[in-house]
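would you be able to build a 3D model of this:
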Amino acid sequence: MIIRYLVVFTAFLYLSACDSGPNFAALCKENPEICEEFTEDSWCKRERIAVGIANVEAKLSPNNDLPKFNQLIAYEGYEKCISHAAKIEHIKLKEKKTRRINNMILARARIEELTQSTKGSEHPRLLYYHWTRELDEQALEKFLALEGTKALETSESQYELATYYIKRDPTKTLQLLFRSLELLEDSTDINDEVFKSLSSIFAKKNKAKQAYIWLKVLSLYDPEDPVLNHNALENYIATHDLDYEFLDQVAEATLNKIESLQFIAPKF
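Down below sits the predicted model:
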């Protein structure tokens with residue numbers, strides 16, 4: 001297991017030098033499909049690197065279904081990026097648009113191929129994927145049947161479970177979202193959708209202070225998030241007459257605990 005992750009990490013270092021330098025050339029020599037899958041393009045490089053990493057991981061662990069889920073997410077990220085880039089017109093270099101359209105079509109084909117090949121998987125991440133993307137009710141039933149088992153005791157799966165309950169049981173959803181933060185194992189894996197969901201649920205419960213705290217946590221973690229439209233925090237403070245200086249301190253302390261992997265889910 002340790003060796004596999006070292007190889008994947010090494011692949012990441014290779015890919016970080018994407019399109020330039022001997023490291024990427026070496027990786028291409030060992031895994032030519034990574035370099036040859038998509039036509040060269042200056043756009044969506046980060047997303048293309050993510051696809052490469054996911055493909056290397058899947059190649060190293062052919063009997064593990066989690067890398068297949070990671071492949072799907074990586075291809076989705078690339079497809080979303082390149083489909084936007086394909087809309088951009090080039091007066092002098094129209095072939096660029098053609099290449100991007102071809103890459104977009106290829107990415108969509110890979111998503112479909114992986115979707116079909118993982119339909120029988122029992123892995124919770126793939127069960128959730130097939131429910132949310134394919135509206136597969138059988139996959140949802142299997143996913144929900146894992147609730148309370150070790151299989152869903154991960155930060156990602158607790159959040160995914162919360163998305164099911166958010167319109168059905170807000171209190172349970174809060175518990176799942178807090179548990180998701182508590183189970184974080186890497187600060188680089190923080191899902192800021194948890195902050196948005198917490199703020200939204202507390203707002204609907206008329207818990208203005210808690211709603212503001214999580215909105216502030218979001219602003220501290222990602223000030224550029226589109227949810228934070230112009231004067232969003234200031235308007236919320238004014239509307240609810242909040243002691244924002246104290247609440248800001250609570251938000252900062254909360255984010256520090258989350259990023260240091262020391263967050264403990266509150267009891268309620």
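
show me the contacts for I73.
The contact partners of I73, taken as Cβ atoms under 8 Å, 6 or more residues apart in numbering, are A54. (Glycine included, C-beta is placed from N, CA and C.)

now do D189
155-156.

now do the same end-to-end measure for stretch 201-209.
For stretch 201-209, the first-to-last residue distance is 12 Å (Cα to Cα, to the nearest Å).

how far does it sit from its chain's centre?
26 Å (Cα atoms, centre = their mean, to the nearest Å).

stretch 154-169 too?
On Cα atoms, centre = their mean, the centre of stretch 154-169 falls 14 Å from that of its chain.

and that stretch, average pLDDT?
For stretch 154-169, mean pLDDT rounds to 97.

likewise stretch 229-246?
90.

tell me how many other residues crowd the closest residue to R100 other than its chain neighbours.
In space, and not counting its chain neighbours, R100 is closest to A86: 4.0 Å by Cβ to Cβ, 6 or more residues apart in numbering. Using other Cβ atoms under 10 Å, A86 is surrounded by 19 other residues.

so who does A86 touch?
97, 100-101, 103-104 are the contacts of A86 under Cβ under 8 Å, 6+ apart.

what's the ChimeraX syntax to select whichever of the residues you listed are buried?
Per 16 or more other Cβ atoms under 10 Å, the buried members of the contacts of A86 correspond to this ChimeraX selection:
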select :100,103,104
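
lowest-confidence entry in the contacts of A86?
K97 (70).

extract the CA atoms of the helix or strand encompassing that residue and return them as CSV.
K97 belongs to helix 94-117 when assigned by DSSP states H and E. Taking C-alpha atoms only, helix 94-117 is exported to CSV below (Å, rounded to 0.1, in the frame of the first residue of the first chain):
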residue,chain,number,x,y,z
LYS,A,94,-9.6,28.2,-35.5
GLU,A,95,-8.0,24.7,-35.3
LYS,A,96,-7.7,25.3,-31.6
LYS,A,97,-11.4,25.3,-31.2
THR,A,98,-11.6,22.1,-33.2
ARG,A,99,-9.0,20.4,-31.0
ARG,A,100,-10.9,21.5,-27.9
ILE,A,101,-14.2,20.2,-29.2
ASN,A,102,-12.5,16.9,-30.0
ASN,A,103,-11.0,16.7,-26.5
MET,A,104,-14.5,17.5,-25.0
ILE,A,105,-16.1,14.7,-27.0
LEU,A,106,-13.3,12.3,-25.9
ALA,A,107,-13.7,13.3,-22.2
ARG,A,108,-17.5,12.7,-22.4
ALA,A,109,-16.9,9.3,-24.0
ARG,A,110,-14.5,8.3,-21.2
ILE,A,111,-17.1,9.4,-18.6
GLU,A,112,-19.8,7.3,-20.3
GLU,A,113,-17.4,4.3,-20.6
LEU,A,114,-16.4,4.5,-16.9
THR,A,115,-20.0,5.1,-15.9
GLN,A,116,-21.1,1.9,-17.6
SER,A,117,-18.2,-0.2,-16.4
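
right, I'll leave it there.
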